[in-house]
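Peer 1: Attaching a predicted model along with its sequence, questions to come.
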Amino acid sequence: MELNIKTVDQLTVVEPLGDIDGKTAPTFQDGVLAIIEPGSRILIDMSGVSFMSSAGLRVMLLTHRKATGSEARIVLVGLNENILNSMTATGFINFFTVRNTLDEGREALG
Amino acid sequence: MERIDVHPTHVYQGFRIRSGKPYPFGATLVPGGINFSIFSRHADYCVLVLFNRGAKEPLVEIPFRGMFQKADNKEPVWGEFRTGNVFNMTVLELDHEDLEYAFRMDSNYQSTPRGKPGIHRFDPSRYLMDPYARAIGGRDEWGKLADWADPYQHRARIVFDDFDWEGDRQLEIPMEDLVIYEMHVRGFTRHPSSGVPSAQAGTFSAIREKIPYLKDLGVNCIELMPIFEFDELEHSARDELSEGWARMNYWGYSTVGFFAPKAAYAATGPMKDGTMVADELKNLVKELHKNGIEVILDVVFNHTAEGNEQGPTISYRGIDNATYYMLNEEGYYYNFSGTGNTLNCNNPIVRDMVLDALRYWAAEYHIDGFRFDLASILGRDPWGAPLANPPLLEALAYDPILGKCKLIAEAWDAGGLYQVGSFPAYGRWAEWNGKCRDAIRRFLKGDSAMSGAMSMVVQGSPDLYAGRGPTASINFVTCHDGFTLNDLVSDNEKHNEANGEENRDGANDNNSWNCGWEGPTCELAINELRRRQMKNAVAMLMLSQGVPMILMGDEIARSKLGNNNTYCHDNELNWLDWDLQEKNADLYRFFKNTIAFRIAHPVLRNRDHFQQQDSRNGFASISWHGTQAWRPDWNGNALAFMLSSRANGKADGDNPIYVAMNMHWDALPFELPSPPDNLSWHLSTNTSMPAPQDIYEPGNEPPLENTSSFLVGGRSVAILVAK
């Protein structure tokens, strides 16, 4: 998995590319945690992620919790149907702010 | 501070290991690795086999005894990883998500070839599934053709037990307040009419989508038919025409693993991720709990999917046949379950396994209670004799973790033991009251002289449960075994031809009545009568003390076309047709309001049996009547009664209730007793009236004009409430 991180209009946009599973989860977590600062607004564009395992769900949640703990905000966009379904089935979806598109995600972050 | 046991002591083919911990059994995530622990009393050699997920060839096979390398200097060293009869080893640095594991076992005891009777069945060539596997793959997608060339069919996986319950706990709804809805996970939403997206249809996730339906109906507990991992392909047969399955193990009363949820019941099953499947079921329980609905599991501990001596070796028989199964002296399997083998439940090892499994479901899945299939088997000793004080049943009753769980017995087995009313209860156990079912059915169809038997049902069967109270009685008219309610009033005989046994299977004593025509009919009068009988039945159930249970779909007149044993059909015979909700909206409304009436009136939900001396303003807590007030006929087919306080004499602000059940074919006038406290009678229910006059919402009952007498139609139930 690759992790592209860029700043667009004062938003941090994180683009993971590849699967997020037990093997790649630490890369994702380390990368995102490194950019979290109090008050930061982070958009995670998941459109480059085709598969997320239970370990992937967990690392997303841990990251999200650490972010909200530092008063940062995270919004997920571009989840594919499979990931959306598994997040819904397992209830992980309830912890996140999810939007369909980048624009909607930006709007949600204000 | 770092633990010092995260470092290996031995190396085997590059895998870094150390001695493990014998407890807990199974595969457990520990710091730095996974601890594997498995019991066998009679094996003397054991190998841990690790696979990458789905691989036919193992990643490595690590013996629990043999030559290893020292971790520090790579010098050869002898090692043995065993404590007593438990093989245990910790393997470090494994990717638990991509891992499946098995064991191979061997012994000096003489082994037995498949097909022959014998005490020991060790076969070192076989991969054996861990009896404590928390997740099991191999049947990840329902009904998908298996790869029979794979030597490891049911594949143990690892579960990460860190679900975020957000404070959820078991609801602990008082037993007397439960209204149970028995359902099959797949059958509930598999039908295309369910409106659930096809990828989710028939899954745990889809039940979650239907919570609003369950809440609207008013039930506060769902009882799931077996959800422990089973093999739907067991005893299956292909249908050459449709290239689908003609028959399969649809109900799932045949356990492969007691600790693992059925992977193919999860929408996420096809992802082959054990933790994800567990998360999905946990999320369902959490959401049900948020909505005030408990979850009871129908658990099958009386036998396993390994069958008799002809059956497959999946796990138990290859690990320790003599421990796990009841065997006679020649090594044949006792068959008290009717399915080929009998789990040796009162062997101390097996007893602990059953306890461990139930504790796991209660602690890790927040399950509220358990219904034990063929529970009488759990009270037999290792040679099959019924025990006076069965250690397993006692242990379950006194278990600290199960301390608030509902324990419900199907108090009979296929070996002839019938213990309804006498199941060893230890103040905890309730029973599926099969006698209640038969009495309601016979009273309903107008058998003569049933009013006395029905009066016992109404009181929560004090004839069976004196000293245990009405909450020992799970009252039901229908369950998955037997006719649906619609078929109970539409068929005199079973119609099981589709099961492929020329209608020989299934029960013959159904106590059913077709109302004048066998099967579906266009005859208006017959259909009206059937509709009324269904309403009568649910009214009798909801008016009786004890714990009512209804069968999935009875509230909308689901039919199984007269088949009373649909264990093997993955089709419309078992799938709930949701279009019936609109078609039978009046019946649904009747069920809903009858349930609401029960919930609204504590006098219907006593914890204790009525004591005749209880009184309030001179009225007994229950008084009996007939067509004449205060003069019941105990040998007729009409019965009336009045409830005017709870069993403990407290009124609790509840209204007196009068019920007249006329199962005579003609209308009968019932003289009404005067209600206490200068109240007057209002009409709640009259099943002889068409909807919506058949039942009024609780609180909206209109007053009766004539309060001295009420004409109850033939085969009808009337309910009055005083206010």
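Peer 2: Nice, I can see it. Note that this is a predicted model, so its numbers are computed, not measured.

Peer 1: Look through chain A and tell me its longest helix.
Peer 2: In chain A, taking DSSP state H as the definition, the longest helix is helix A:54-69.

Peer 1: That one and chain B, any residue contact?
Peer 2: Yes: Helix A:54-69 lies within reach of chain B by C-beta under 8 Å from any C-beta of the partner chain, at A:54, A:55, A:57, A:58, A:61. In short, each C-beta sits where N, CA and C put it, glycine included.

Peer 1: In terms of secondary structure, what does that helix contact?
Peer 2: Applying 3 or more C-beta pairs under 8 Å, 6 or more residues apart in numbering or on different chains; DSSP states H and E, one finds that helix A:54-69 contacts helix A:25-35, strand A:73-77, helix A:81-90, helix B:274-290.

Peer 1: hmm, try it at 7 Å
Peer 2: Using 3 or more C-beta pairs under 7 Å, 6 or more residues apart in numbering or on different chains; DSSP states H and E as the contact test, the elements touching helix A:54-69 are helix A:25-35, strand A:73-77, helix B:274-290.

Peer 1: Would you agree residue B:208 is in contact with residue B:284?
Peer 2: Yes: using C-beta atoms under 7 Å, residue B:208 is in contact with residue B:284, at 5.0 Å.

Peer 1: Show me which of those two is the more surrounded one.
Peer 2: Neighbour tally, residue B:208 and residue B:284, criterion other C-beta atoms under 10 Å in any protein chain shown: the higher count belongs to residue B:284, 28 against 23.

Peer 1: for chain B, which spans come out with low pLDDT?
Peer 2: Applying pLDDT under 70 to chain B flags the ranges B:613-617, B:649-651.

Peer 1: show me the contacts for residue 19.
Peer 2: This is for chain A. A:1, A:49, A:50, A:51 (C-beta atoms under 7 Å, 6 or more residues apart in numbering or on different chains).

Peer 1: sorry, should have said chain B
Peer 2: Counting by C-beta under 7 Å, 6+ apart, residue B:19 touches B:81, B:89.

Peer 1: Against chain A, how distant is the residue nearest to residue B:341 when sequence neighbours are not counted?
Peer 2: In this structure, residue B:341 finds its nearest non-sequential neighbour in residue B:333, 4.2 Å apart by C-beta to C-beta, 6 or more residues apart in numbering or on different chains. Distance of residue B:333 to chain A, given as C-beta to the nearest C-beta, to the nearest Å: 38 Å.

Peer 1: And residue B:114, by the same measure?
Peer 2: Residue B:114 sits 37 Å away from chain A when distances are taken as C-beta to the nearest C-beta.

Peer 1: ok, now which ones touch that residue?
Peer 2: residue B:310.

Peer 1: did I read that right, it in a strand?
Peer 2: No: if the criterion is DSSP: H, G, I helix; E, B strand; the rest coil, then residue B:114 is coil and not within a strand.

Peer 1: returning to that earlier point: which one of the helices and strands packed on helix A:54-69 lies nearest to residue B:103?
Peer 2: For residue B:103, the closest of these is helix B:274-290, at 17.4 Å, according to C-beta to C-beta.

Peer 1: Which parts of the stretch 101-250 of chain B are strands?
Peer 2: B:135-137, B:155-157, B:180-183, B:221-224, B:228-230, B:237-239, B:244-247 (DSSP state E, counting those that start in this stretch).

Peer 1: Kindly reformat those as TSV containing mean neighbour count.
Peer 2: Listed next are the strands of the stretch 101-250 of chain B as TSV, based on neighbours: other C-beta atoms under 10 Å in any protein chain shown:
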stretch	mean neighbour count
strand B:135-137	26
strand B:155-157	29
strand B:180-183	24
strand B:221-224	25
strand B:228-230	26
strand B:237-239	12
strand B:244-247	16
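
Peer 1: Take these and lay them out in TSV including distance to residue B:48.
Peer 2: TSV is the format used below for the strands of the stretch 101-250 of chain B (distance: least, C-beta to C-beta, whole Å):
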stretch	distance to residue B:48
strand B:135-137	17
strand B:155-157	11
strand B:180-183	39
strand B:221-224	33
strand B:228-230	21
strand B:237-239	36
strand B:244-247	35
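
Peer 1: Tabulate the residues of helix A:54-69 next to chain B (TSV), appending distance to residue B:687 and neighbour count.
Peer 2: Output for these, formatted as TSV (distance: C-beta to C-beta, whole Å; neighbours: other C-beta atoms under 10 Å in any protein chain shown):
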residue	distance to residue B:687	neighbour count
A:54	51	26
A:55	56	23
A:57	51	25
A:58	54	22
A:61	52	16
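
Peer 1: Of those, just say which sits nearest to chain B.
Peer 2: Checking these against chain B with C-beta to the nearest C-beta, the nearest one is residue A:54 at 3.7 Å.

Peer 1: Hmm, that closest one is touching residue B:277, no?
Peer 2: No: using C-beta under 7 Å, residue A:54 makes no contact with residue B:277, being 8.8 Å away.

Peer 1: Chain A contacts on chain B?
Peer 2: B:95, B:97-98, B:160, B:199, B:205, B:267-268, B:271, B:273, B:275-276, B:279-280, B:283, B:286 (C-beta under 7 Å from any C-beta of the partner chain).

Peer 1: For these, which single residue is the most surrounded?
Peer 2: Highest neighbour count within those, by other C-beta under 10 Å: residue B:273, with 33 neighbours.

Peer 1: centroid residue for the chain?
Peer 2: Reading this off chain A. The residue lying closest to the centre of chain A (C-alpha atoms, centre = their mean) is residue A:44, at 4.0 Å.

Peer 1: if you could check chain B rather than the one you did, that'd help
Peer 2: residue B:298 (2.0 Å).

Peer 1: So that one versus residue B:182, what's the distance?
Peer 2: In this view, residue B:298 and residue B:182 are 8 Å apart by C-beta to C-beta, to the nearest Å.

Peer 1: shared neighbours of these two, anything?
Peer 2: By C-beta under 7 Å, 6+ apart, the residues touching both residue B:298 and residue B:182 are residue B:223.

Peer 1: residues in chain A within reach of chain B, list them.
Peer 2: Proximity of chain A to chain B is confined to A:21, A:22, A:23, A:53, A:54, A:55, A:85, A:86, A:89, A:90, A:91 under the rule C-beta under 7 Å from any C-beta.

Peer 1: can you pull the contacts of the closest residue in space to the first one that isn't next to it in sequence?
Peer 2: Read that as residue A:21. Closest residue in space to residue A:21, ignoring its immediate chain neighbours: residue A:53 at 3.9 Å, by C-beta to C-beta, 6+ apart. Counting by C-beta under 7 Å, 6+ apart, residue A:53 touches A:21, A:22, B:97, B:273.

Peer 1: which residues touch the second one?
Peer 2: If a contact means C-beta under 7 Å, 6+ apart, then residue A:22 has A:53, A:55, B:95, B:97, B:98 as its contacts.

Peer 1: run the last query once more with 6 Å
Peer 2: Residue A:22 makes contacts with A:55, B:95, B:97, as judged by C-beta atoms under 6 Å, 6 or more residues apart in numbering or on different chains.

Peer 1: do the last one as well
Peer 2: Contacts here follow C-beta under 6 Å, 6+ apart; on that basis residue B:273 touches A:53, A:54.

Peer 1: That one and residue B:652, how far apart?
Peer 2: Distance, residue B:273 to residue B:652, by C-beta to C-beta: 50 Å.

Peer 1: What of residue A:59?
Peer 2: The gap separating residue A:59 from residue B:652 is 52 Å, by C-beta to C-beta.

Peer 1: Between those two, tell me which one has more neighbours.
Peer 2: Using other C-beta under 10 Å, the more surrounded residue of residue A:59 and residue B:652 is residue A:59, with 23 against 10.

Peer 1: Could you tell me how many residues sit around the residue lying closest to the more buried one once chain neighbours are set aside?
Peer 2: For residue A:59, ignoring the flanking residues on the chain, the nearest one in space by C-beta to C-beta, 6+ apart is residue A:25 at 3.9 Å. Burial of residue A:25 is recorded as 23 neighbouring residues (other C-beta under 10 Å).

Peer 1: what's near enough to touch residue A:25?
Peer 2: Here residue A:25 is in contact with A:55, A:56, A:59 (C-beta under 6 Å, 6+ apart).
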